[in-house]
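[1] Generate a structure from the sequence data that follows.
(one chain, ligands or ions: 1)
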Amino acid sequence: MTCSELVELVTAYLDGALDERSETLLVIHLDGCPSCRTLLEQHQQLIQLLGPAALPAPRPTALPPARRTILLAAFRGSSR
Ligand SMILES: [Zn+2]
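    Below you'll find the model as predicted:
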């Protein structure tokens, strides 16, 4: 694995989204490459600073506003 390949995979690695083979290659590269270890630490610090909300994660609990209005109307209608 080269340094530029590692840069492309570092986000997936921190998300735990890498397959086993890529993760092994990445860890082996990190072991012998101090500049990539620094890069990984910077990514980890960034994630800690920004929090999980900064990650593009799906939010299944968030309803689109229009749908929510319909649901609220239906709820009010049935409670009377
Ligand atoms: Zn490297």
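[2] Quick one: residues in contact with stretch 3-22.
    Outside stretch 3-22, the residues within contact range by Cβ atoms under 8 Å, 6 or more residues apart in numbering are 23, 26, 29-30, 33, 35-36, 39-40, 43-44, 47, 55. Every residue, glycine included, has its C-beta placed from N, CA and C.
[3] From those residues, which land in helices?
    23, 26, 29, 30, 35, 36, 39, 40, 43, 44, 47 (DSSP state H).
[4] What distance do you get for the third one to residue 36?
    With distances taken as Cβ to Cβ, to the nearest Å, residue 29 is found 6 Å from residue 36.
[5] picking up where we left off before, ok, which of the contacts of stretch 3-22 also contact the ion?
    33, 36 (Cβ under 5 Å from the ion).
[6] List only buried entries from the contacts of stretch 3-22.
    Neighbour-count burial (16 or more other Cβ atoms under 10 Å) is assigned, among the contacts of stretch 3-22, to 26, 29, 30, 33, 36, 39, 40.
[7] I figured the first one was touching residue 1, is that so?
    Yes. Taking contacts as Cβ atoms under 8 Å, residue 26 lies within contact range of residue 1: 6.4 Å.
[8] Can I get the contacts of stretch 3-22 in TSV including pLDDT and distance to residue 74?
    What follows is these, written out as TSV (pLDDT from 0 to 100; distance: Cβ to Cβ, whole Å):
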residue	pLDDT	distance to residue 74
23	95	47
26	95	50
29	97	55
30	95	54
33	97	58
35	96	58
36	96	54
39	94	51
40	94	49
43	90	45
44	88	45
47	81	40
55	58	33
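[9] ok, so of the contacts of stretch 3-22, who is nearest residue 73?
    Nearest to residue 73 out of the contacts of stretch 3-22 is residue 55 (Cβ to Cβ; 33.6 Å).
[10] Torsion angles phi and psi at residue 15?
    Reported as degrees, to the nearest 10, the phi and psi values for residue 15 are phi -80, psi -10.
[11] May I see the buried residues of the helix or strand residue 7 falls within?
    Using DSSP states H and E, residue 7 sits within helix 3-14. Neighbour-count burial for helix 3-14, counted by 16+ other Cβ under 10 Å, picks out 6, 9, 10, 13.
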